[in-house]
Structures are given as C-alpha cells and as structure tokens.
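> when you get a sec, could you give me coordinates for this:
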Amino acid sequence: MMMNRYRRWKTWATIVGVLCWVTGMVSIGVGKAKAEESRPNILWITCEDIGPHLGCYGDPYADTPNLDRLAAKGTIYTRAWSTAPVCAPARTAIISGMYPSSTGSEHMRSLIVPPEGAQFYPQFLREAGYYCTNNSKEDYNLEKPGQVWDESSGKAHWKNRRPGQPFFAIFNFTVTHESQVRRRPHEWIHDPAKVRVPAYHPDTIEVRQDWAQYYDNITTMDRMAGEKLKELEEAGLADDTIVFFYGDHGPGMPRCKRCPYNSGLQVPLIVYIPPKFQHLAPPDYKPGGRSSRLVSFVDLGPTLLSLVGIKPPSYMQGRPFLGVYAAEPPAYLFGLRGRMDERYDLVRSVTDGRFVYIRNFMPHLPWGQHVEYMFQTPTTRVWKQLFDEGKLTPEQAYFWQVPKATEELYDLATDPDEVHNLAGNPAYQGKLKELRDVLRDHILQTRDLGFVPEDEIHTRAGNGSPYRYGQSKEYPLERILQMAELASDLKSDRIDKLVQGLQDSDSAVRYWAITGILARGQKAYETTHETVLRALDDPAPSVQIVAAWTVGRYGSPEELQRALDVLKTFVDYDGKGPYLSMLALNALDDLGSKSEPVKPVVENFNPKIRPEHARLGENLFKLKESILAKLSKDTTRNYRNKAR
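Model (predicted):
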C-alpha cells in the first residue's frame with residue numbers, strides 16, 4: 001500500500017515537474033524574446049573624408065538639413081578624432097578597438113596578422129545574437145580573424161535579418177571621398193567665391209573650386225543619409241534604433257588627409273538615442289546637445305559592445321562613451337602617420353582638445369611628399385607650382401619645406417588652421433612639455449611598433465602577430481625610441497651618439513641612428529662618412545638602404561656608385577619583398593638624377609605582385625614612374641642646356 005502511494009506521488013511529481021519545465025521553457029523563450037526586443041538596434045551612417053563641415057556644427061556655408069535634424073534630436077561631439085588621417089588605418093582602429101601602432105597596422109594598405117585570440121567587434125555582436133551587416137567598404141590593415149559580418153556587400157541590409165532579431169548595420173557613403181572632390185566636369189552649387197580658404201592653402205580659383213565641390217559632395221551625402229533615416233522610420237524601427245553618423249577622417253584635401261593635424265583627424269560625430277534607451281546615455285548626452293568629451297576611433301568598438309551589455313575585452317584600448325560600461329572620458333586623444341601609399345614617414349600627435357602637439361620623427365621629409373594619388377587634386381598641383389615659383393606666404397609654404405619642425409604646437413582656440421607653431425614660444429613651454437611627455441608615455445604604454453622598419457614588423461613577428469612581439473620583453477622600445485628622438489631633434493652636438501647607435505645590437509636602433517645622419521645633411525655625413533660606409537654592409541636590410549640613401553645624397557662619385565649597387569639589389573621585389581623594394585625605390589627617387597646609372601634596372605622592374613600584397617604593388621609602380629619621370633626631365637634639361 002505504501003508502495004502504491006509512493007508510485008502515485010511519483011507520477012504526480014513527474015507530471016508537475018514536466019509542467020513546470022514546460023512553463024519555465026516558455027518563460028525563458030518569452031524572456032529571451034523580450035530581451036531581444038529590449039536591446040537596441042544600432043545604425044551607423046558613415047562617409048569618407050570630411051571634417052565637421054556641417055550646419056549643425058555652426059558652418060554657415062554648409063547645406064546639411066538631414067544631418068542637422070538628426071543632431072537636433074541627438075548630441076554632437078565637438079572633439080572627435082580619427083586615429084589616423086587616412087582610411088585603412090582609421091578603419092583598422094575602429095574594427096579592432098586598438099591603436100594601429102600597437103598591432104603594427106598603421107601603414108596604408110599593409111596586411112597584418114591580428115593579435116592572437118582577438119576578435120573584431122562585430123563578432124562579439126553576432127555571438128550575442130545581432131545580425132551584423134556592412135554596406136560595404138572594409139579596407140582593414142588587419143587580416144580578418146574568421147567571419148566578421150553576416151553580410152558585407154553592396155546589398156547588405158538590416159532587412160535581411162530573421163524576424164525580431166536585433167541588428168547592427170553600417171551604410172558607408174563614398175560620394176565625399178577625396179577622388180570625388182576633383183571629379184570633373186562639375187556644376188558647382190556652392191559658390192567658390194564665398195568659400196573659406198584655410199590659411200595653409202593659397203587663394204586660387206583651383207583651390208576655391210575644390211573646396212566648393214567638397215561642400216557640394218557633403219550636401220549630396222546629406223541627402224543620402226536622409227533617405228536612409230527615412231527608410232528606418234518607414235520600417236517602424238526609428239524608436240528602437242540608436243543612430244551614429246561620423247566621417248572616417250578629415251577632409252580629402254591636401255594637408256588635411258594624410259596629416260595628423262586637427263585638420264586631418266577631427267571628424268563630425270552625431271549620436272541619437274531614442275527615448276526608450278535613454279538609460280544607456282551618459283550625463284553629457286541630451287537631445288539637441290553638444291558634448292565636449294574627447295572621443296577617439298578606438299572608442300567606437302568598445303562603445304558598441306557597451307550599448308548591448310557586453311563588457312569590452314581588456315585588449316581593446318578604447319573607452320566606451322555610451323552604454324552600461326561607459327568609462328570616464330580620456331584627457332587626451334592621439335593621432336598617427338605612417339607610410340602613406342608609396343611614401344614613408346613617421347609622425348605622432350596628441351591633443352587635449354585645445355592644443356595640438358605634433359612630433360615629426362622624420363623631419364628631413366616634407367609634409368608634401370609626392371604621393372601620386374594626392375597630386376591628382378588640382379589644389380595640390382597649383383599649390384606646389386606656386387611654392388616652386390616662390391609665391392606663397394610662410395604659412396602656405398611650410399607644407400613643402402624641409403626640414404619640418406621636429407616639434408609643432410598649435411592653439412586651436414586662436415589658430416584653428418594650425419599655422420602658427422608655438423613650440424619655440426617661451427610662454428608655451430609648460431604645455432609643450434606636458435604634451436610631449438603625454439605622447440611619449442602613450443608610445444611606451446601602447447608598445448608602438450611604428451618605430452620598427454616596416455619589413456621588420458613582419459620578420460620580428462615570425463609566425464605570430466606583431467602585437468604579440470610588441471608586447472614582449474624582446475621589443476626594446478625604450479632604447480629604440482630614445483634613438484628616434486635623438487635622430488629627429490637635428491641637433492649637431494648629437495652626432496657622436498648617432499655613431500654609437502650604429503654599433504647597437506638592435507637593428508631598429510641602428511636604423512634610427514643612420515636616419516639621424518641622413519636627416520642632418522652634408523656636414524653630418526662628412527663627420528661620419530667612414531661609419532656610414534660601413535653601414536652599407538649592415539646585417540639589417542633597412543639599415544643598408546638608409547645608409548645607401550645617405551651616401552647617395554652626400555658622398556663622392558665613387559661612393560655614390562657603391563650606394564647605387566646596394567639600392568639596385570633591394571629593388572628586387574621577388575627576392576626582397578615589397579617593403580624593402582619600396583624603401584629602396586624611395587631612396588632612388590629622392591636621389592633624382594644621381595640614379596641615372598641604375599635607370600635600366602628601374603626600367604626593367606616589372607614584377608608580378610603576389611596576391612597577398614594586393615595594392616602594395618601599386619606603390620612600387622608609382623615609384624618606378626616617378627623615378628623615370630625625374631630622369632627624363634633631367635635628360636631633357638641637360639639636352640636644352642647643351643643646345644644653348
């Protein structure tokens with residue numbers, strides 16, 4: 001009898017348990033559905049190559065009604081900086097949440113192995129159930145660690161998600177790109193006569209037309225953004241969607257794009273948070289408001305994760321500025337310039353929101369190096385022509401002059417065009433030191449790999465990521481940085497230390513030591529030429545190339561021949577790879593008519609570029625064309641002189 005009671009109890013318990021389980025599963029399902037419904041959709045509307053030249057930012061020349069309406073109900077950020085003043089490293093910073101200088105991906109259109117175990121932010125969102133689309137540009141300098149997007153194409157759209165699934169969608173408009181500023185024929189809508197010409201540009205019709213067309217393109221983009229916002233509203237999704245609008249870096253005009261001044265890094269950033277998600281907004285957010293918080297592109301990925309309730313991983317270097325994990329605002333923003341297409345350089349910058357400090361580590365190279373793509377813009381060509389003719393003001397001429405100042409300091413409150421360098425002004429030495437020290441600390445803390453020659457970024461990493469090498473004790477950054485600082489200060493009393501640096505066991509230290517001699521000119525070479533000649537046989541290829549560059553510039557005819565023998569060896573793409581070939585071609589291009597003996601080598605340079613090097617190959621052929629064009633001009637000039 002007791003057994004029968006137990007059996008009946010067990011049967012009822014089982015039935016009750018099953019009912020509870022079913023009820024629980026239904027509750028979980030409902031809870032999950034509600035959780036999905038309570039999570040915001042996120043829409044990014046992005047464009048290329050624009051500064052904050054919008055009506056909502058107070059620009060009276062701009063015509064941007066749709067973005068102005070978005071700003072009227074959202075918040076604009078007045079101090080937002082791209083991490084780099086050119087697209088690929090800028091996007092790399094966004095997708096990874098890390099500084100390109102930390103991952104070794106700062107150089108334009110390089111392709112770097114990402115940090116081991118790291119993911120791009122869309123992968124975290126997809127794991128959390130989001131449908132992630134990108135329409136459509138990627139352009140990262142890091143290899144993708146697996147599938148990043150649910151769809152990344154010209155057809156990618158939030159509407160392709162499953163019913164009720166939250167989405168993250170990017171729509172990127174290219175109509176404002178640098179290439180569209182110079183597209184002709186064009187019928188100007190904005191009157192070129194009324195455009196404001198910045199103090200660093202000459203006031204010519206070509207410059208005015210390019211700036212006016214830049215504004216025309218922004219108006220076209222504004223209309224496209226308005227259409228996308230309208231589509232969101234008509235789909236009934238506006239109340240459930242957080243909207244961002246931003247540009248990928250400053251204007252596509254020379255001295256803006258590619259230059260880590262405020263003019264090249266400041267971008268518009270508008271954020272709209274619907275009322276139902278106001279709990280995700282920080283105190284500085286308010287409808288129709290303006291936030292002076294400093295925002296960097298490395299902050300965007302962590303901010304997305306924070307908005308959907310994901311704690312950003314510790315390797316992401318940005319700070320969320322929205323959402324449940326919003327962090328305290330940073331005190332400074334940082335910018336960088338590495339190789340821009342076919343031309344090498346190394347510049348770092350920092351701002352506190354008012355002052356901008358720039359450190360030029362290669363002052364012997366002008367800001368206005370001949371980047372072929374940049375010279376397609378009419379402004380660039382007329383600007384350089386007027387410089388050659390001696391018709392520019394000092395503020396306009398600086399872009400083309402060498403050496404650049406080792407340090408530059410600008411007060412945006414009184415000098416928004418950044419043309420009055422305060423680095424030598426006694427009244428600003430406190431601010432100069434503050435920002436210099438902040439930048440140095442940042443370089444060391446982020447383990448900046450830009451101080452290693454580009455070929456060695458790859459060879460030092462071996463089979464791993466450059467990031468892993470950079471974080472290791474094997475990377476003597478402090479010692480390398482000290483030599484880079486010494487090399488770039490151009491002080492004549494540091495030559496003995498440069499000679500000592502050429503004996504260092506680390507090749508990057510030696511690279512900077514020889515660069516310091518190259519930067520100092522003829523007298524420095526005459527003092528050190530025996531040491532420099534020995535460096536032609538250095539075990540490190542980049543040291544050999546810069547030594548040959550130095551000997552080629554300043555040596556005797558016999559020494560020049562030795563230098564050319566070294567450089568023509570490294571031109572070999574198949575044997576030496578793209579980075580050494582590019583550096584050697586830069587040296588030959590700089591030597592101009594002195595490269596005449598190796599002209600046949602350059603003429604016969606026609607490598608088949610390997611797929612993994614993709615657009616790097618374009619840089620090699622641009623350099624080839626530049627070298628041959630210079631040699632052709634010199635030949636023509638010599639012929640004319642003889643005829644006279």
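
> use CA for all of it now, contacts and neighbours both
Will do.

> hey, where'd the strands end up in the stretch 51-200 of the chain?
With DSSP state E, counting those that start in this stretch as the criterion, the stretch 51-200 of the chain has strands at 75-81, 131-135, 151-152, 167-173.

> cool, the chain as well?
41-47, 75-81, 131-135, 151-152, 167-173, 241-247, 266-272, 289-296, 333-337, 347-351, 355-360, 407-411 (DSSP state E).

> nearest to Q500, out of the strands of the stretch 51-200 of the chain?
strand 75-81 (38.9 Å; C-alpha to C-alpha).

> deepest in the core, which of the strands of the stretch 51-200 of the chain is it.
Here the criterion is mean neighbour count by mean count of other C-alpha atoms under 10 Å, and of those the winner is strand 75-81, at a mean of 26.

> and it, what does it pack against?
When contacts are defined as 3 or more C-alpha pairs under 8 Å, 6 or more residues apart in numbering; DSSP states H and E, strand 75-81 sits against strand 266-272, strand 289-296, strand 333-337.

> of the strands of the chain, which is nearest S110?
The nearest among the strands of the chain, by C-alpha to C-alpha, is strand 333-337 at 13.6 Å.

> that closest one pairs with which strands?
Partners of strand 333-337 in the sheet, by DSSP bridges, are strand 347-351 (antiparallel).

> quick one, the strand it pairs with and strand 75-81 angle?
If you take axes from the mean of the first three to the mean of the last three C-alpha atoms, to 10 degrees, strand 347-351 sits at 140 degrees to strand 75-81.

> looking at strand 347-351 now, give me its mean pLDDT.
Regarding strand 347-351, the rounded mean pLDDT is 99.

> could you give the angle of it to strand 289-296?
Interaxial angle, strand 347-351 versus strand 289-296 (the same axes, to 10 degrees): 150 degrees.

> what sits up against strand 347-351?
Contact with strand 347-351 is made by 260-261, 332-338, 356-362, 435, 438-439, as judged by C-alpha atoms under 8 Å, 6 or more residues apart in numbering.

> V509 against L502, yeah?
Yes: with contacts counted by C-alpha atoms under 8 Å, V509 reaches L502, the gap being 7.3 Å.

> which one of the two has more residues nearby?
Counted by other C-alpha atoms under 10 Å, V509 and L502 do not tie: V509 has more neighbours, with 28 against 23.

> burial measure for G154, as a count.
The number of residues packed near G154 is 12, by other C-alpha under 10 Å.

> I'd assumed N135 was in contact with it.
Yes: if you go by C-alpha under 8 Å, G154 and N135 touch, sitting 5.2 Å apart.

> picking that back up, now tabulate the helices and strands packed on strand 75-81 in JSON lines and tack on mean pLDDT and mean neighbour count.
Output for those, formatted as JSON lines (pLDDT from 0 to 100; neighbours: other C-alpha atoms under 10 Å):
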{"stretch": "strand 266-272", "mean pLDDT": "98", "mean neighbour count": "26"}
{"stretch": "strand 289-296", "mean pLDDT": "98", "mean neighbour count": "20"}
{"stretch": "strand 333-337", "mean pLDDT": "98", "mean neighbour count": "26"}
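
> would you turn these into a markdown table with distance to P60?
Output for those, formatted as a markdown table (distance: least, C-alpha to C-alpha, whole Å):
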| stretch | distance to P60 |
| --- | --- |
| strand 266-272 | 15 |
| strand 289-296 | 17 |
| strand 333-337 | 27 |
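
> of all those, which one is nearest V113?
strand 333-337 (19.9 Å).

> out of the strands of the chain, flag the one nearest L533.
Going by C-alpha to C-alpha, the one of the strands of the chain nearest L533 is strand 355-360, 26.4 Å.

> which strands and helices lie in contact with the closest one?
Strand 355-360 sits against strand 347-351, strand 407-411, helix 429-445, with contacts defined as 3+ C-alpha pairs under 8 Å, 6+ apart.

> what's the burial count for R126?
Counted with other C-alpha under 10 Å, R126 comes out at 18.

> cool, and Q445?
11.

> any idea how far P85 is from it?
Computed as C-alpha to C-alpha, to the nearest Å, the Q445 to P85 distance reads 22 Å.

> picking that back up, could the strands of the chain be laid out in TSV, adding distance to W211?
Below are the strands of the chain laid out as TSV (distance: least, C-alpha to C-alpha, whole Å):
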stretch	distance to W211
strand 41-47	17
strand 75-81	21
strand 131-135	27
strand 151-152	32
strand 167-173	19
strand 241-247	17
strand 266-272	17
strand 289-296	26
strand 333-337	24
strand 347-351	25
strand 355-360	24
strand 407-411	23
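
> what's the closest of the ones you listed to K523?
Smallest distance to K523 across the strands of the chain (C-alpha to C-alpha): 21.5 Å, for strand 355-360.

> got a list of what S488 touches?
Going by C-alpha under 8 Å, 6+ apart, S488 touches N360, F361, M362, P363, T406, G516, A519.

> who's in contact with the first one?
Pointing back at N360 there. Counting by C-alpha under 8 Å, 6+ apart, N360 makes contact with L346, V347, R348, K404, A405, T406, E407, S488.

> who touches the fourth one in this structure?
What it means is K404. Going by C-alpha under 8 Å, 6+ apart, K404 touches N360, P363, H364, L365, P366, W367, Y398.

> if I read this right, A413 contacts R354, doesn't it?
Yes: counting by C-alpha under 8 Å, A413 touches R354, with 6.3 Å between them.

> most neighbours of all the contacts of K404, which one?
Most neighbours among these, by other C-alpha under 10 Å: P363, with 25 neighbours.

> okay, the closest residue to that residue other than its chain neighbours and F361: tell me how far apart.
Spatial nearest neighbour of P363, chain neighbours left out: K404 (4.6 Å); criterion: C-alpha to C-alpha, 6 or more residues apart in numbering. K404 sits 10 Å away from F361, going by C-alpha to C-alpha.

> repeat that for I457.
18 Å.

> of these two, which one has the most company?
When neighbours are counted by other C-alpha under 10 Å, I457 and F361 differ, and F361 comes out ahead with 27 against 22.

> would you list the phi and psi of the more buried one?
Main-chain torsions, F361, degrees, to the nearest 10: phi -90, psi -10.

> need the contact list for K624.
L585, V602, E603, F605 are the contacts of K624 under C-alpha under 8 Å, 6+ apart.

> ok, F245 next?
Going by C-alpha under 8 Å, 6+ apart, F245 touches W44, I45, T46, P268, L269, I270, V271.

> from what I see, the third one and I170 are in contact.
Yes: with contact defined as C-alpha under 8 Å, T46 reaches I170; the gap is 7.3 Å.

> what about the nearest residue in space to M582 that is not next to it in sequence, how many residues close to it?
Spatial nearest neighbour of M582, chain neighbours left out: L620 (5.9 Å); criterion: C-alpha to C-alpha, 6+ apart. Residues near L620, counting by other C-alpha under 10 Å, number 26.

> same check on I189?
12.

> and it, what does it touch?
Residues near I189 by C-alpha under 8 Å, 6+ apart: A212, Q213, D216.

> out of those residues, which comes closest to I310?
Closest approach between these and I310, by C-alpha to C-alpha: D216, at 39.8 Å.

> and the closest one, how many residues sit next to it?
So D216, with other C-alpha under 10 Å, has 24 neighbours.

> looking at the contacts of F245, spot the one nearest H529.
Nearest to H529 out of those is P268 (C-alpha to C-alpha; 50.2 Å).

> ramachandran coordinates for the closest residue to that closest one other than its chain neighbours?
Spatially, and ignoring its direct neighbours in sequence, P268 is nearest to P52 (4.4 Å; C-alpha to C-alpha, 6+ apart). Main-chain dihedrals, P52, degrees, to the nearest 10: phi -80, psi 50.

> S263 is in contact with P52, correct?
No: applying C-alpha under 8 Å, one finds P52 not in contact with S263, separated by 9.7 Å.
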